[in-house]
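predicted model follows, preceded by the sequence.
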Amino acid sequence: NAGVTQTPKFRILKIGQSMTLQCTQDMNHNYMYWYRQDPGMGLKLIYYSVGAGITDKGEVPNGYNVSRSTTEDFPLRLELAAPSQTSVYFCASSYSGGTYEQYFGPGTRLTVT
Amino acid sequence: GDSVTQMEGPVTLSEEAFLTINCTYTATGYPSLFWYVQYPGEGLQLLLKATKADDKGSNKGFEATYRKETTSFHLEKGSVQVSDSAVYFCALSDGERVQKLVFGQGTRLTINP
């Protein structure tokens, strides 16, 4: 049981490039989330999904897109990378909403130069 | 909007010292409150939670009590160990169906032997 896995661990992008951050969970969780963490700041919710085919915006969705074609996978797409997207990205999943625990992946550190 | 404020870090203590990390929140309604911990190189893990006023969450010797009158959820431990060195995040969720966590900025704790 690997939990939540994220790839890659580190990435450097040039301004204007695109990339996809991968997230996979093997716990059969319905709910999945993407957060970003800027230095010295708390995590902020980018997008979330309550099941395959259903996604919605969080607090800071601009510049990102997501899809959820399977229960296991929830990739985050960055189009036209900007320096403001330099951050650490965390994927998380939970069995349901309410007060169920969210399980986090180890993060992807992204630098845009 | 909802927000969480944690005490500034970093915090450095000696082994067996008493720990308090302050957390206060602003929210409409009646949020659930959480403490998450991030050990070096890992994703966040749920440490404890409380879902209503006067509830006490506890785990691994850590405790926090949901104080509605002071809008606080301070984390305490009576005797810290070197293995408690980590970053601690206070968070709230005001959603019922979808758990959209709002995080504080995190407090880095270092315990010296």
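Great, that's in hand. Residues are numbered from 1 along each chain as shown, chains lettered A, B, ... in the order given.

A:Glu101 looks like it's in a helix, true?
No: checked against DSSP: H, G, I helix; E, B strand; the rest coil, A:Glu101 lies outside a helix; its state is coil.

A:Ser94 is in contact with that one, correct?
Yes: the pair A:Glu101 / A:Ser94 is scored as a contact, 6.3 Å apart, by Cβ atoms under 8 Å. To be clear about C-beta, it is placed using only N, CA and C from the backbone, and glycine gets the same treatment.

between those two, tell me which one has more neighbours.
Set side by side, A:Glu101 and A:Ser94 show more neighbours around A:Ser94, with 24 against 15, by other Cβ atoms under 10 Å in any protein chain shown.

wait, that one touches A:Tyr100, no?
Yes: with contact defined as Cβ under 8 Å, A:Ser94 counts as touching A:Tyr100 (4.6 Å).

joint contacts of these two?
Common neighbours of A:Ser94 and A:Tyr100 are listed as A:Tyr31, B:Gln99 (criterion: Cβ atoms under 8 Å, 6 or more residues apart in numbering or on different chains).

pull the contacting residues for residue 36.
Reading this off chain A. Contacts of A:Arg36 by Cβ under 8 Å, 6+ apart are A:Leu43, A:Lys44, A:Ile46, A:Val60, A:Ser87, A:Val88, A:Tyr89, A:Phe90.

not quite, I wanted chain B
B:Tyr36 neighbours (Cβ under 8 Å, 6+ apart): A:Phe104, B:Leu44, B:Gln45, B:Leu46, B:Leu47, B:Tyr88, B:Phe89, B:Ala91, B:Phe103.

the nearest residue to B:Gly43 once chain neighbours are set aside pairs with what?
Take B:Gly43 and drop its neighbours on the chain: the residue closest to it by Cβ to Cβ, 6 or more residues apart in numbering or on different chains is A:Phe104, 3.4 Å away. Assessed by DSSP bridges, A:Phe104 has beta-bridge partners A:Ala92.

ok, A:Phe104 - contacts?
A:Val4, A:Phe90, A:Cys91, A:Ala92, B:Tyr36, B:Gly43, B:Leu44, B:Gln45.

distance of it from B:Pro31?
Distance, A:Phe104 to B:Pro31, using Cβ to Cβ, to the nearest Å: 20 Å.

what's the neighbour count on residue 50?
I'll assume chain A. Neighbours around A:Val50, by other Cβ under 10 Å: 17.

if you could check chain B rather than the one you did, that'd help
22.

if I look at the residue nearest the centre of chain A, how far off is A:Ser93?
The residue lying closest to the centre of chain A (Cα atoms, centre = their mean) is A:Trp34, at 3.0 Å. According to Cβ to Cβ, A:Trp34 and A:Ser93 sit 11 Å apart.

which stretches in chain A count as strands?
Using DSSP state E, the strands of chain A run over A:4-7, A:10-13, A:19-25, A:31-37, A:43-51, A:54-57, A:64-66, A:76-78, A:87-94, A:103-104, A:108-112.

who is B:Ser3 paired with across the strands?
Residues in beta-bridge contact with B:Ser3 (DSSP bridges): B:Thr26.

how close does it sit to A:Gly42?
Where A:Gly42 is concerned, B:Ser3 sits at a distance of 9 Å (Cβ to Cβ).

where does pLDDT dip in the chain?
I went with chain A, as the question did not name one. A:1 (pLDDT under 70).

sorry, I should have been clearer: chain B.
B:95-96.

so which residues of it form strands?
Under DSSP E, chain B gives strands at B:3-6, B:11-14, B:19-21, B:23-26, B:32-38, B:44-50, B:56-59, B:62-65, B:75-77, B:86-93, B:101-103, B:107-112.
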